[in-house]
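Student: With the sequence up front, the predicted model follows.
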Amino acid sequence: MSETPSRTIGNTRIELSSPWVFFAVTFTITWGFWVPAIVFDLAFDNVLGLALLLLGLLGPGLSGVVFMKLRLC
């Protein structure tokens, strides 16, 4: 039987196979870029607003690639 990969942060063990960890990381990355755009009322026709939108859209893909890399190590 194979053991699921896990990492330890402090005293907390995190299972990398849990979808909740993926969703939390994806949510944090995406909204970490989108909240400043909302707070500063940046439109997408502005270069900075468009950059924040596109960086936020990278969240799910980037998270997926990183988690697959960590799981295969």
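Tutor: Perfect, thanks for sending it.
Student: For A37, give its distance to D45.
Tutor: Noted for A37: a distance of 12 Å to D45, by Cβ to Cβ, to the nearest Å. The C-beta positions use only the backbone N, C-alpha and C, and glycine is treated the same way.
Student: neighbour count winner among those two?
Tutor: Neighbour totals were compared for A37 and D45, and A37 leads with 20 against 7 (other Cβ atoms under 10 Å).
Student: Per-residue pLDDT of G10, please?
Tutor: We note a pLDDT of 71 for G10 in this prediction.
Student: Counting neighbours, what do you get for it?
Tutor: G10 has 5 neighbours, counted by other Cβ under 10 Å.
Student: Do a quick rundown of the strands in the protein.
Tutor: 6-9, 12-15 (DSSP state E).
Student: So which bits of the helix of greatest length in the chain are buried?
Tutor: With secondary structure taken from DSSP state H, the chain has its longest helix at helix 47-72. Neighbour counts over helix 47-72 (16 or more other Cβ atoms under 10 Å) mark G49, L52, L53, L55, G56, G59, P60, S63, F67 as buried.
Student: Let's have those in a markdown table, adding distance to F22 and pLDDT.
Tutor: Shown next, in a markdown table, are the buried residues of helix 47-72 (distance: Cβ to Cβ, whole Å; pLDDT from 0 to 100):
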| residue | distance to F22 | pLDDT |
| --- | --- | --- |
| G49 | 27 | 92 |
| L52 | 22 | 93 |
| L53 | 22 | 93 |
| L55 | 19 | 94 |
| G56 | 16 | 94 |
| G59 | 11 | 91 |
| P60 | 9 | 93 |
| S63 | 6 | 91 |
| F67 | 6 | 84 |
